[in-house]
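> Structure, please.
(2 chains)
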Number of protein chains: 2
Amino acid sequence: MSRFRVSVHIVPRTGILDPQGHAVADALHSLGFAQVRDVRVGRHVVVDADAETPEAAGHAVRAMCERLLANPVIEDFEIASIGRP
Amino acid sequence: MSRFRVSVHIVPRTGILDPQGHAVADALHSLGFAQVRDVRVGRHVVVDADAETPEAAGHAVRAMCERLLANPVIEDFEIASIGRP
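Residues are numbered from 1 along each chain as shown, chains lettered A, B, ... in the order given. Here you go, the predicted model:
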């Protein structure tokens, strides 16, 4: 049994309104960053978990996303990386 | 001028208490994910911006992080990727 660090990106689904992203874009424009076209804000979750293999760790974190971490109605998630802590 | 998509990870600094991460870890244990050792929750921000080069886009987003997106007292940020929308 080894320990693995799995990073997940959870982002608003395409087409879903992202009020937090809009607020950040407006604030960036106010600060003078006129080149900003769009901002989307999601969550970056890092899970340290014990597993036999990296594949098993990724599989477990996928199950965690489906059961708790992500809201499948409005969010998409993807495993960004699997490594060692 | 081209459009670039820059992804940023903003995470609690090492050693800083992460109450949201602790709450998620406890909830995962309650759901039976006993293999979870630690969870840290940060933000995943995706900025679409116009720039001459990918380097210029990354430089601009770094400035945005320093001025607005990240709180340098308690958070670290890193540019995760620079690509095309």
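
> Let me see the ranges of the strands in chain A.
Using DSSP state E, the strands found in chain A span residues A:2-12, A:36-51, A:75-83.

> For those, give me a markdown table that also has mean neighbour count and mean pLDDT.
From N, CA and C alone the C-beta is placed, and that goes for glycine too. Shown next, in a markdown table, are the strands of chain A (neighbours: other Cβ atoms under 10 Å in any protein chain shown; pLDDT from 0 to 100):
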| stretch | mean neighbour count | mean pLDDT |
| --- | --- | --- |
| strand A:2-12 | 20 | 96 |
| strand A:36-51 | 21 | 97 |
| strand A:75-83 | 15 | 96 |
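
> Is it possible to get TSV of the ones you listed that adds distance to chain B?
Shown next, in TSV, are these (distance: least, Cβ to the nearest Cβ, whole Å):
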stretch	distance to chain B
strand A:2-12	5
strand A:36-51	4
strand A:75-83	8
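
> Just put those strands in JSON lines and tack on distance to residue B:56.
Below are those laid out as JSON lines (distance: least, Cβ to Cβ, whole Å):
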{"stretch": "strand A:2-12", "distance to residue B:56": "24"}
{"stretch": "strand A:36-51", "distance to residue B:56": "13"}
{"stretch": "strand A:75-83", "distance to residue B:56": "25"}
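
> And those: which comes nearest residue B:24?
strand A:36-51 (7.2 Å; Cβ to Cβ).

> Quick check, pLDDT for residue A:16.
For residue A:16, the model assigns a pLDDT of 89.

> who's in contact with it?
A:74-75 (Cβ atoms under 8 Å, 6 or more residues apart in numbering or on different chains).

> In stretch A:18-29, which residues are buried?
A:18, A:21, A:24-25, A:27-28 (16 or more other Cβ atoms under 10 Å in any protein chain shown).

> Can I get it as CSV, trimmed to CA atoms?
Provided in CSV are the C-alpha atoms of stretch A:18-29 (Å, rounded to 0.1, in the frame of the first residue of the first chain):
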residue,chain,number,x,y,z
ASP,A,18,-20.7,31.2,-13.6
PRO,A,19,-21.5,34.3,-11.5
GLN,A,20,-18.2,34.0,-9.5
GLY,A,21,-16.3,34.0,-12.8
HIS,A,22,-18.2,37.0,-14.1
ALA,A,23,-17.6,38.9,-10.9
VAL,A,24,-13.8,38.2,-11.1
ALA,A,25,-13.8,39.3,-14.8
ASP,A,26,-15.5,42.5,-13.9
ALA,A,27,-13.1,43.2,-11.0
LEU,A,28,-10.1,42.5,-13.3
HIS,A,29,-11.4,45.0,-15.9
